[in-house]
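**Student:** Test case, fold it:
(chains A, B, C and D)
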Number of protein chains: 4
Amino acid sequence: MGDFMRFFSDNAASAHPAVLDAIVAANAVDTAYDGDAISKRLDGAFSDLFGRPVESLWIATGTAANSLALAALCPPYGGVLCHHDAHIQNDEAGAPEFYTHGAKLLLAQGDGAKLTVDSVTATADAIARDVHRVQPHALSLTNATEYGRVYAPDEVAALADWAKGRGFGVHMDGARFANAIAHLGCTPAELTWQAGVDVLSFGFVKNGGMSAEALIFFHEGLAEATRIRRKRAGHLLSKGRFAAAQILALIEEDRWIANGRAANDGARRLAEAATGRLIHAVEANELFLRMTPDEAATLRAQGFDFYDWAEGEIRLVVSWDQPEAEIAALASALAAL
Amino acid sequence: MGDFMRFFSDNAASAHPAVLDAIVAANAVDTAYDGDAISKRLDGAFSDLFGRPVESLWIATGTAANSLALAALCPPYGGVLCHHDAHIQNDEAGAPEFYTHGAKLLLAQGDGAKLTVDSVTATADAIARDVHRVQPHALSLTNATEYGRVYAPDEVAALADWAKGRGFGVHMDGARFANAIAHLGCTPAELTWQAGVDVLSFGFVKNGGMSAEALIFFHEGLAEATRIRRKRAGHLLSKGRFAAAQILALIEEDRWIANGRAANDGARRLAEAATGRLIHAVEANELFLRMTPDEAATLRAQGFDFYDWAEGEIRLVVSWDQPEAEIAALASALAAL
Amino acid sequence: MGDFMRFFSDNAASAHPAVLDAIVAANAVDTAYDGDAISKRLDGAFSDLFGRPVESLWIATGTAANSLALAALCPPYGGVLCHHDAHIQNDEAGAPEFYTHGAKLLLAQGDGAKLTVDSVTATADAIARDVHRVQPHALSLTNATEYGRVYAPDEVAALADWAKGRGFGVHMDGARFANAIAHLGCTPAELTWQAGVDVLSFGFVKNGGMSAEALIFFHEGLAEATRIRRKRAGHLLSKGRFAAAQILALIEEDRWIANGRAANDGARRLAEAATGRLIHAVEANELFLRMTPDEAATLRAQGFDFYDWAEGEIRLVVSWDQPEAEIAALASALAAL
Amino acid sequence: MGDFMRFFSDNAASAHPAVLDAIVAANAVDTAYDGDAISKRLDGAFSDLFGRPVESLWIATGTAANSLALAALCPPYGGVLCHHDAHIQNDEAGAPEFYTHGAKLLLAQGDGAKLTVDSVTATADAIARDVHRVQPHALSLTNATEYGRVYAPDEVAALADWAKGRGFGVHMDGARFANAIAHLGCTPAELTWQAGVDVLSFGFVKNGGMSAEALIFFHEGLAEATRIRRKRAGHLLSKGRFAAAQILALIEEDRWIANGRAANDGARRLAEAATGRLIHAVEANELFLRMTPDEAATLRAQGFDFYDWAEGEIRLVVSWDQPEAEIAALASALAAL
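**Tutor:** Got it, this is the predicted structure:
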């Protein structure tokens, strides 16, 4: 524990030692791009994990993964239904618009950044079905959500059924997919294709990776064009084996789920110390707390770094590698406020 | 030396040990994106290298670096002058068109994939200056070229002067910039900003890097928008310190230039063994040889892997880490044909 | 008066006889595109109308005019502040996103679809100034608004001052500019460049034109690139003289303002007959009325055609050429409900 | 005959009197956009003309029509095979790239701007089938070509068969379709869908129209998305009835083919007067003649206006409404050179 304790984001956490080992081990020369032996193992590893044949692509960032998924599901003249507070809407600098060539994000509401069938119906039904309005073509869910809430398989299924009934594709932004699975205790299959998800952005960077996420396609025919779009976006690494190796290292020995669990556990401990302040139920590794500026200053004075979310609100994020002592210290500090 | 010797491409070569060490060393948690201490050292390191203040951005691939550079120099409705055989025209899956939002590549000729003032003048002057024709806004040179030829500083200056005279920006695709500098023995400054280059894609991946190139801006005001475009393209890595660390490891102790020299030296030795077959002068790390299918088969039977470039032509590429024994073996095999 | 009376939209009204006459008169062969003698008169005519030198472009539709204006003011990676109910947001099928190459519309609130300095400040200030959020680059006002409300010169000036203070360009969607001017009694200059507008979409189609709107540039340097974008969008008509002739016919003898006044007058008469039902003040040629489905059915049974705006609300639009008898009949019918 | 005789282009010719009459007759108020009674007659009229059910869209310019057709046939990451001298490549300001979101034009050669199976095969086969190269998705033919040459039905069929064998869609740019049909004496069906064309840009503006071309879809499912793209491009006119009326006026009484014939006849008469100078066979309404600058000056001194095509070459275009006396005068002048 240093004198600076980072609860700002899980984005900058360390890479898991096994990831670094895998990178070093991948250094032997092999074929370029994604023709190497390590990249070729990915589809098998993910097919095992998801219990059915899937196609997968490594990709350096979650922003690119999400945007490629949306481009696969939505034409340039279409729209993507998502939550008003979704990452694709607020935190990706217009990447979805760039990759889809100008598709429009169509916003719906819902507590804890969770969409409901009612909320997406309200948004979709307000759009007249004519040539003047951008029509929805896809639905994008974030699981866990921006507020650390988790959709259970039946919630995903209800939304996906609704979407399929209207002919929309379904994307899941799983930047914190491991945290969602760790919370639910269900299988990856149950939360994705069995519930109707077509494409998953499977996050590894927040989960112990260095620079690799995965796109998982449960719907045939989407991967091929996406492989081309990945190259066209300059995301086909020459030495792709280093990306694939990271992902495999986290899938092996279930490190990804262990890492998700570790982060969730830390968040739960903090939540227990701050129950009266919780704005959203803590289901993953994020906490949103009511807090006065003075209280926030008190915490900062003790070396805790975090984000001022809104007036009177802060966000705390626990990373997979957060030292035990830092969590204990913050729990105490919260309790003492 | 194994029984399979790779002269196919320098794209899949190993990462330099110092690069791997730097990655491991960068694992300590720091701020996300490019706010970390390592990323912040890049501008200084490049300013030293180029002998003047520059702005720089790490970026995972050469394709993305080139495309971002072109987007900085050319509006969606404009055109980019480049060689008919340029990488941006033939090998980037339309990434320049994607990033520029549909700008047009305007093709010029020239031996060895080298543009000349005459050739670009011919292309530019054939374009009527009216609203019906896409007008050039930028010139893109590749140094070393697709055929392993090198522009000297005065050749760059002649082209850049011409471009500036018409109000065009100047981009240098330096995927093999190290090889060009190693050949010329000039300074990076002489080959770039002193000769009129506005933006350089400085290649590190073929040069011992793992997954990091650099965009160097010699023209004020271009970096800021590019920083936004990089995020919008999903190329802003959460853990950017791992990209910056790679680049610094190659700049330090002049590893980049040593690696470029090593590859060039290998190519020269092969060239000496095949002088009668050379299609282009060998100035960098690539050889293009006249060769019958039977001869090519003979080489392949000896374990050499390479690319059939065209009918009766092969391409050999020497990597920075090519084992001495492989070069000697191939030189002998070529001489023995 | 037929048995079907159209209060549905001013979009499908007739062309003014002077417009048809001008089209027929323009048939003599002249130079193509916009090099003809009639097109060349436009800048002068608009410069007279606006009391200062302006550049102008004819363009077939308001959607294209608005989108070209936004593309002139906002880069692909930027955002445009506009009202949640703006035409560019809801009724142009994503044309702004198409023309700007994916810029994002950033929505603000305000009664009667009117923005206020407070509302745009709220939207803009909620956007963190970092690379992850799409930053606003332009402000777009609609005058008269979607709800038939009118910004006065001082209201425009307050918003434009605010925008200029942040470095944003200012666009006015003037699809019903004539109605706004007719209501205000001010000069076109007062409502546009004197108040800080950079580009105006000056609507003529709803105002007696057939297929021609005008883009008016009060800010130097924007027209040139827009001229190129117009061609690139396939909006440079071969026989542009027919478009220019329409516009000139409506500028001449102040027909445009007379037509705007006629439509406004009709709307005011209807408003007087339905004062208790008004949802928005009637300042232009549109009325939004509270009305039960039964009442609406009663009106339709009498031959009046109009739009069901929302539950319990209807919209009535009076066109420039609406027959006196139709207005009188509808006023009576409204009063009789 | 005035003292200025225009052989510069057929772009600026007059509108046919029947077109003007139809415009005036269309002025009665009807539904907006393309829901009016006149627009609704188009599909039937074209289905009759082509001898099978077709879907059609009016569109103001040939550039927009071509670009919409290409966007219907080619994804953003794909390529369109066309002639090096095609209008879409050289004269549309990058509109195809704009509408397709950056698809690449893949150029092939051929005399008289006519593609052949050999030439397109050469271009297509030079493109490696990997993710690094832009892959062709469509073939675009211009009939009559930029040089006034005409593809016969069997030539179109050979190219379309080749394209279909590779899974490419087929577009015909028929800006001078009437001239091609007039030359061949075949049916519109024979030159289009019976030969394998999927989408036709049917030109009316050069043929007596004012501001309306037609897109004809012979392939199911393409029209619907194009209708949306047309709106998104700002090409859905509010008062579409005026566009539809133009087209119907030219289809009725076979005016379109009569106009094509008239222009072709004029060109043939000029060709007979200049047989020794012809660079391309004269099959439509354009002539390309070898001519010294002095000779060109001599013609201009007599009041003939035309285009200097290249050094020592001029282009003459005969319009549908070219006065008999002008043709006779130019024929004499050419013979007298």
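
**Student:** Show me what from chain A comes close to chain C.
**Tutor:** A:76-77, A:79, A:90-94, A:97-98, A:100-104, A:131-134 (C-beta under 8 Å from any C-beta of the partner chain). In short, each C-beta sits where N, CA and C put it, glycine included.

**Student:** all strands of the stretch 201-337 of chain A, in order?
**Tutor:** Secondary structure of the stretch 201-337 of chain A by DSSP state E, counting those that start in this stretch: the strands cover A:213-217, A:286-290, A:304-305, A:307-310, A:313-317.

**Student:** and residue A:137, how many residues sit next to it?
**Tutor:** 22 (other C-beta atoms under 10 Å in any protein chain shown).

**Student:** just checking, what packs against whatever helix or strand it lives in?
**Tutor:** Using DSSP states H and E, residue A:137 maps to strand A:136-142. Where contact means 3 or more C-beta pairs under 8 Å, 6 or more residues apart in numbering or on different chains; DSSP states H and E, strand A:136-142 is packed against helix A:62-73, strand A:79-83, helix A:87-90, helix A:117-125, helix A:153-165, strand A:169-174.

**Student:** rewinding a little: buried only: go through the residues of chain A next to chain C for me.
**Tutor:** A:76-77, A:79, A:90-94, A:97-98, A:100-104, A:131-134 (16 or more other C-beta atoms under 10 Å in any protein chain shown).

**Student:** could you pick out which of those are near chain B?
**Tutor:** A:92-94, A:98.

**Student:** What distance do you get for the residue of the stretch 201-337 of chain A found nearest chain B to residue B:233?
**Tutor:** Residue nearest to chain B within the stretch 201-337 of chain A: residue A:234 (2.7 Å; C-beta to the nearest C-beta). Separation of residue A:234 from residue B:233 (C-beta to C-beta, to the nearest Å): 7 Å.

**Student:** what do you get for residue A:109?
**Tutor:** 30 Å.

**Student:** The two: who's more crowded?
**Tutor:** Legend: neighbour count by other C-beta under 10 Å for residue A:109 and residue B:233, higher for residue B:233 (29 against 16).

**Student:** residue contacts, that one?
**Tutor:** Residue B:233 makes contacts with A:64, A:95, A:98, A:233-234, B:64, B:68, B:99, as judged by C-beta atoms under 8 Å, 6 or more residues apart in numbering or on different chains.

**Student:** residues contacting residue A:115?
**Tutor:** Here residue A:115 is in contact with A:81-83, A:108, A:139, A:141, A:159 (criterion: C-beta under 8 Å, 6+ apart).

**Student:** As CSV, the helices and strands packed on strand A:136-142 with mean pLDDT would be great.
**Tutor:** What follows is these, written out as CSV (pLDDT from 0 to 100):
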stretch, mean pLDDT
helix A:62-73, 98
strand A:79-83, 98
helix A:87-90, 98
helix A:117-125, 98
helix A:153-165, 98
strand A:169-174, 98
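
**Student:** So for chain D, which of those sits nearest?
**Tutor:** helix A:62-73 (8.6 Å).

**Student:** The closest one and chain D in contact?
**Tutor:** No - if you take C-beta under 8 Å from any C-beta as the test, helix A:62-73 misses chain D, and the best it gets is 8.6 Å.

**Student:** so what does that helix touch, helix or strand wise?
**Tutor:** Short answer (3+ C-beta pairs under 8 Å, 6+ apart): helix A:62-73 packs on strand A:55-59, helix A:87-90, helix A:95-100, strand A:136-142, strand A:169-174, strand A:199-202, strand A:213-217, helix A:222-232.

**Student:** what's the second one in contact with?
**Tutor:** To tie it back to what came earlier, the one meant is helix A:87-90. A:62, A:66-67, A:70, A:80, A:82-83, A:95-96, A:105, A:107, A:140, A:142, A:146, A:173, A:175, C:132-133.

**Student:** coming back round to it: compare the helices and strands packed on helix A:62-73 and give me the one nearest residue C:118.
**Tutor:** With C-beta to C-beta as the measure, helix A:87-90 is the member of the helices and strands packed on helix A:62-73 nearest residue C:118 (21.8 Å).

**Student:** How far away from the center of its chain is the closest one?
**Tutor:** Chain-centre distance of helix A:87-90: 12 Å, with C-alpha atoms, centre = their mean, to the nearest Å.

**Student:** Enumerate the positions of that helix that are buried.
**Tutor:** A:87-90.

**Student:** Contact residues of the stretch 101-250 of chain A facing chain D?
**Tutor:** Counting by C-beta under 8 Å from any C-beta, the stretch 101-250 of chain A sits next to chain D at A:101-102, A:131-132, A:135, A:225, A:227-229, A:231-232, A:236.

**Student:** If we only consider those, which is nearest to residue A:34?
**Tutor:** Comparing those against residue A:34 with C-beta to C-beta picks out residue A:236 as the nearest, at 6.9 Å.

**Student:** Would you point out the most distant pair within the residues of the stretch 101-250 of chain A next to chain D?
**Tutor:** A:132 and A:236, at 38.1 Å, using C-beta to C-beta across those.

**Student:** Point out the most buried one among the strands of the stretch 201-337 of chain A.
**Tutor:** strand A:213-217 (a mean of 27; mean count of other C-beta atoms under 10 Å in any protein chain shown).

**Student:** Now do it: distance to the chain's middle.
**Tutor:** So, by C-alpha atoms, centre = their mean, the centroid of strand A:213-217 is 11 Å from its chain's centroid.

**Student:** buried ones in stretch A:268-283?
**Tutor:** Under 16+ other C-beta under 10 Å, the buried positions of stretch A:268-283 are A:268-271, A:273-274, A:277, A:279-280, A:282-283.

**Student:** Could you list the domains of chain A?
**Tutor:** What automatic domain parsing lists as the domains of chain A is A:5-13+A:255-336, A:18-254.

**Student:** Please work out which of the ones you listed is packed deepest.
**Tutor:** Of the domains of chain A, domain A:18-254 is the most buried (mean count of other C-beta under 10 Å), at a mean of 23.
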